[in-house]
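# below is the structure, and that's it, no one-letter string:
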């Protein structure tokens, strides 16, 4: 095999670590400091038969490598992407300029861009008996590099149970990823709880309607002159307005084939900001981005009429659907993931059940297609899949009597 011959010829050592094969970190003879943020590049769309004997020499044509990591699966093939770290950010940028769209010996065009080295983890579902000092000790035993920890305890669900969420900051992406691989199993074994762990690049802990901030009750809503369109929502961390009293459900069912979009919406409170909605069930560890909503020809606007994108004006579809349902007195929608599976090449199919209490048939089955991106996070994938599902439901509500 060409890889084995190359390893023997160059006296190169590769280390298998948790689904990835690593060179260096640092390599033999490295005399410089450890590279900081912005020094890593991301290589994707790699053919399955391409390995380090081709990729490492190619990356070294730009400059010395501090580290190279090729993602591997259990069958021994690569997973289609890799990471290469250089000594300086300028060397990484030069590698992107030089290697992007270059042709591999097999004829495939290589895709290269700067890596987003996330190093913060959100841990949800922690035992509420854990104090900050105790949690730092537990995380410190699972891996190195913990440099910061924030905690928030809130009351959730109809039973008003306490739930603790933590934001853990690590010195590097590698240190955080090593902890992420073992923390769920460790907490299940030690405390009997199942954590939800996700990447984040924000310094703020996530919020939801049932998880108020410990700093105090939500601020009162500001009163202002009503407008004819919902507000542009810029931050999901603003306080939520008090829930509105649901009105009786409409007697006429929603049309099966709405003729177009209607802009006759009731006035919207400028300070209203519905927070993100919780996921009811879990999903497979895929990652992705890039949603193309598909209305199936049934909910497209009429010729010459306003488009749904124009109506939203950049507003998150999930927030807009929540605002619209509560404005119409239908109650807040909830999302339940029924199924996730691959469909066309590079896409995932999500089957949702969106429940809107005030509708005659409150449960709506909705399909959403999401394009995968190996570098995007799981939480980003689910957020975008929810947005695509909301885009499918919005035309029906906008055309309801």
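Perfect, thanks for sending it. For clarity, every value in this text was computed on a predicted model and none was experimentally measured. Numbering: from 1, shown residues only.

# quick one: contacts for residue 151?
The neighbours of residue 151, taking Cβ atoms under 8 Å, 6 or more residues apart in numbering as the test, are 132, 135, 164-166. Every residue, glycine included, has its C-beta placed from N, CA and C.

# please redo it, this time with the cut-off set to 10 Å
Contact analysis of residue 151 by Cβ atoms under 10 Å, 6 or more residues apart in numbering lists 123, 126, 130-132, 135-136, 164-168, 205, 214.

# in what helix or strand does it lie?
Residue 151 belongs to strand 146-156 when assigned by DSSP states H and E.

# and which of the contacts of residue 151 is nearest to residue 29?
Residue 29 lies nearest to residue 168 out of the contacts of residue 151, by Cβ to Cβ, at 33.9 Å.

# quick one: which of the contacts of residue 151 has the most company?
When neighbours are counted by other Cβ atoms under 10 Å, residue 168 leads the contacts of residue 151 with 25 neighbours.

# that older thread, what's the first helix or strand after the strand holding residue 151?
Immediately after strand 146-156, counting by DSSP H and E, sits strand 161-170.

# tell me which other helices or strands that following strand touches.
Other elements packing on strand 161-170 under the criterion 3 or more Cβ pairs under 10 Å, 6 or more residues apart in numbering; DSSP states H and E are strand 120-126, helix 132-142, strand 146-156, helix 173-191, strand 196-200.

# what about residue 79, which SS state?
strand (DSSP: H, G, I helix; E, B strand; the rest coil).

# give the contact list for it.
Residue 79 sits in contact with 19-20, 44, 46, 48, 70-73, 374, where contact means Cβ under 10 Å, 6+ apart.

# save the residues you listed as a markdown table, and put in secondary structure, distance to residue 140 and neighbour count too.
Converted to a markdown table, the contacts of residue 79 look like this (DSSP: H, G, I helix; E, B strand; the rest coil; distance: Cβ to Cβ, whole Å; neighbours: other Cβ atoms under 10 Å):
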| residue | secondary structure | distance to residue 140 | neighbour count |
| --- | --- | --- | --- |
| 19 | coil | 23 | 12 |
| 20 | strand | 23 | 17 |
| 44 | strand | 33 | 17 |
| 46 | coil | 35 | 22 |
| 48 | coil | 38 | 12 |
| 70 | strand | 29 | 23 |
| 71 | strand | 27 | 16 |
| 72 | strand | 29 | 18 |
| 73 | coil | 31 | 11 |
| 374 | coil | 30 | 15 |
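
# now render those residues as TSV, adding pLDDT.
TSV is the format used below for the contacts of residue 79 (pLDDT from 0 to 100):
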residue	pLDDT
19	83
20	89
44	92
46	94
48	90
70	95
71	93
72	91
73	89
374	66
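
# which one of the residues you listed sits closest to residue 36?
So of the contacts of residue 79, ranked by how close each gets to residue 36 (Cβ to Cβ), first place is residue 20, at 20.8 Å.

# the closest one and residue 72 touch, don't they?
Yes: contact criterion Cβ atoms under 10 Å: residue 20 and residue 72 qualify, at 6.2 Å.

# list the residues that contact both of these two?
Counting by Cβ under 10 Å, 6+ apart, the residues touching both residue 20 and residue 72 are 78-79, 82.

# one step back: lowest-confidence stretch among the helices and strands packed on strand 161-170?
Across these, strand 146-156 has the smallest mean pLDDT, namely a mean of 85.
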